[in-house]
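1. How does the following fold in three dimensions:
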Amino acid sequence: MVTGPATRPYWVTFQPGDTWVGVRLRPEYGVTVWRDRLNTAQDTVLRGKAAVDLIPGLGATTGIGTLTDLLATLTKNTADSRLPGLIDAIHASGGRIRIERLATFAGWSTRHLNRVFRDHLGLSVKTYAQLVQFHRTLKLIRVGRLPLTAAAYEGGYSDQAHLARAFRRFGGFAPSAIPQELSIPTLFPA
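-> Sure, this is the predicted structure:
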């Protein structure tokens, strides 16, 4: 299974006997996985033959050694050495950094910054930052057990209504009704 950048919730179904090896790549490697299909990758989940067609060699991974080789091939190049630092800055700010400040940090215009993000992550800078903000706030509520008002403030939302809209958009649920079975992925260690 290969997923594109997810901006809405989705369910992963499986059959008895299915086996899984999960690997999450840093966002800047989206283009190396999806190549010329990155513009259609958002909210896309490919399974079986479709996933193998996207990443030739995926079907030949028989163990951790061949998987490691495949990952090394996929992650050997990034387009610009500034991109990982920009992504890290978004995460360090909890998604609250201003786009203009991020562009200045990179020495780019906001238009060029957005183009680089779309070309390599498949998302605009704003959408990526909003996802980071959502995930951080979700963790504050679920793991940190913050009350919703405090989580909205700490997460950088203007009020609880703003928080609720983001949770419905990215999670498909209200902040007061987080599903117990929800898996909360992390990109970087907390």
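2. So what's the model's average confidence on stretch 150-163?
-> For stretch 150-163, mean pLDDT is 94.
3. Contacts for that stretch, please.
-> Residues from elsewhere that reach stretch 150-163 (Cβ atoms under 8 Å, 6 or more residues apart in numbering): 94-96, 133, 136-137, 140-141, 144, 146, 148-149, 166, 175. Yep, even glycine has a C-beta here, placed from its N, CA and C like the rest.
4. Between the two ends of that stretch, what distance do you get?
-> 11 Å (Cα to Cα, to the nearest Å).
5. Could you break this protein into its assigned domains?
-> 2-74, 82-126, 127-177 (automatic domain parsing).
6. now these in CSV, with distance to Ile184?
-> Formatted as CSV, the domains of the chain follow (distance: least, Cβ to Cβ, whole Å):
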stretch, distance to Ile184
domain 2-74, 12
domain 82-126, 15
domain 127-177, 6
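7. Now mean neighbour count too, for those domains, in TSV please.
-> Listed next are the domains of the chain as TSV, based on neighbours: other Cβ atoms under 10 Å:
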stretch	mean neighbour count
domain 2-74	13
domain 82-126	17
domain 127-177	17
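8. What residues does the nearest residue to Val143 once chain neighbours are set aside make contact with?
-> Distance criterion Cβ to Cβ, 6 or more residues apart in numbering; nearest residue to Val143, sequence neighbours excluded, is Ile184 at 7.3 Å. Taking Cβ under 8 Å, 6+ apart, we find Ile184 in contact with 135, 138-139, 142-143.
9. picking up where we left off before, can you pick out the most distant pair from the contacts of stretch 150-163?
-> Greatest spacing in those, by Cβ to Cβ: Gly95 and Thr149 (18.9 Å).
10. Over to Arg136: give its phi and psi.
-> phi -60, psi -40 (degrees, to the nearest 10).
11. On the three-state scheme, the nearest residue to it once chain neighbours are set aside is what?
-> Nearest non-adjacent residue to Arg136, counting by Cβ to Cβ, 6+ apart: Gly94, 4.5 Å away. Following DSSP: H, G, I helix; E, B strand; the rest coil, we place Gly94 in the coil state.
12. wait, Gly94 sits on His135?
-> No. Look at Gly94 against His135 with Cβ atoms under 8 Å: they stay out of range, at 9.2 Å.
13. Run through who's touching the helix or strand hosting Val33.
-> Assigned by DSSP states H and E, Val33 falls within helix 30-34. Here helix 30-34 makes contact (Cβ under 8 Å, 6+ apart) with 2, 4-5, 25, 38, 41, 54-55, 74-75, 77, 79, 119-122.
14. do you know how far the residue nearest to Arg136 is from Ser176?
-> Here Gly94 is placed at a distance of 21 Å from Ser176 (Cβ to Cβ, to the nearest Å).
15. and what of Leu182?
-> For Leu182, the distance to Ser176 - Cβ to Cβ - is 14 Å.
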